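Novice: Predicted model, plus sequence, below.
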Amino acid sequence: MTGNIAILGYGLSAIGPGIGVGLIFAAYINGVARQPEARGMLQPIAFLGMAITEALAIFGIALAFVFRG
Amino acid sequence: MTMVVMAAEGYQPPGVEEFWQPLIGEGAWAITRPAIVLALSVGLISWWLLASTRHRAIVPSRGQMVTEGAYGLVRNGIARDIIGSRDFLRFVPLLFSMFVLILVNNLFGVIPPIQYPTMSRIGFPIMLALIVWIVFHVVGMQKHGFFGYWKSLVPSGLPKFMVPPIFVLELITDLFTRPVTLSLRLFGNMFAGHILLILFIAGGWELLTAGGILSVAGGVTWVMALVMTLFEILVEFLQAYVFTLLSALYIAGAVADEH
């Protein structure tokens, strides 16, 4: 078997952000379901949280290519 | 791109090499495909904005409605809600330009004759993030003064011994993490999305031509490629929105009053 361990590392680094983004949108959907008029207020917060959480996975993919070497 | 993959011996999974496409010249000063795409997008956006607002009317035409929708989203949905109604107006031109430029360049990633997301070359998002980085520091220093700005990084009301470590952390976030994540997020999403599309389309072609049961798998792969293209369009919209949103958020943090 050939390949690079960095790609495996990217897979591992995607687990955390995956769970995190899931939790954020679960909370967002919950919030909107309970109070539909709060959607406008919750939406930027949800996307902001997603962007920050997702950054870790993005670092992962960048580093996977950097260390592919 | 398919040609590149096919010309190689056997099947080569797509990599970073797919994105280096010099058209004129070579080396660091080559005019590359993304540079042409960016110039094209700037021309296209200028033409569209001028054409759709030349004959403004109270009952808008279809083109004016699209422009107004995008402008309204940035002005009311992002700038006013986040920066606050007092001083959001002077940042709307910056945010609107960022939003439209990123959106059009991202969408070029799936529009057939072009099919190259400019932001998948790290140089372009770095420049955009650098502009935002300079803007939020300069407006913060205008607002609080040079030393007041660095002082305003630390939230007031902290116990004395907590101030130095929090200041260092906030300094790292402010000077380093924010611009790096801002540019890497846009780059990473476009890069990964485009590589995924290459993988599905070129890999599907490889399977289709292999014959037998593998051809069926190739068909399924191309259906997946279509689904991923639709997903990619969603991501492209989302990344333009998120970049503008975060820029607005950083500017809002710089111009906010001390609590």
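Specialist: That came in fine, so what should we check first?

Novice: what sits against the spatially closest residue to residue B:114 that is not a sequence neighbour?
Specialist: Of all residues not flanking residue B:114 in the chain, residue B:108 sits nearest, at 4.5 Å (C-beta to C-beta, 6 or more residues apart in numbering or on different chains). C-beta here means a position set from N, CA and C on the backbone, and glycine is covered the same way. Residue B:108 makes contact with B:37, B:40-41, B:114-118, according to C-beta atoms under 8 Å, 6 or more residues apart in numbering or on different chains.

Novice: And for residue 28, the neighbour number?
Specialist: No chain in the question, so chain A it is. The number of residues packed near residue A:28 is 19, by other C-beta atoms under 10 Å in any protein chain shown.

Novice: The chain in question should be chain B.
Specialist: As a measure of burial, residue B:28 has 5 neighbours, counting by other C-beta under 10 Å.

Novice: coming back round to it: measure the residue nearest to residue B:114 to chain A for me?
Specialist: To chain A, residue B:108 is 21 Å away according to C-beta to the nearest C-beta, to the nearest Å.

Novice: Can you say which of the contacts of residue B:108 are buried?
Specialist: B:37, B:41, B:114, B:116-118 (16 or more other C-beta atoms under 10 Å in any protein chain shown).

Novice: And the residues you listed, which is closest to chain A?
Specialist: Closest approach to chain A among these (C-beta to the nearest C-beta): residue B:117, at 14.7 Å.

Novice: By mean pLDDT, which helix or strand of chain A comes out lowest?
Specialist: Ranking every helix and strand in chain A by mean pLDDT, DSSP states H and E puts helix A:39-66 at the bottom, with a mean of 80.

Novice: re earlier: counting only helices, which of the contacts of residue B:108 make the cut?
Specialist: Taking DSSP state H as the definition of helices, the contacts of residue B:108 contribute B:37, B:40-41.

Novice: Whichever strand or helix holds residue B:205 near chain A anywhere?
Specialist: For residue B:205, the element it lies in under DSSP states H and E is helix B:178-208. Yes: Helix B:178-208 is in contact with chain A by C-beta under 8 Å from any C-beta of the partner chain, via B:181, B:184-185, B:187-189, B:191-192.

Novice: Just give the nearest non-adjacent residue to residue 60, would you?
Specialist: I went with chain A, as the question did not name one. residue A:13 is the one closest to residue A:60 (C-beta to C-beta, 6+ apart), at 3.3 Å.

Novice: hm, I was asking about chain B
Specialist: Nearest to residue B:60 is residue B:68, by C-beta to C-beta, 6+ apart, at 6.2 Å.
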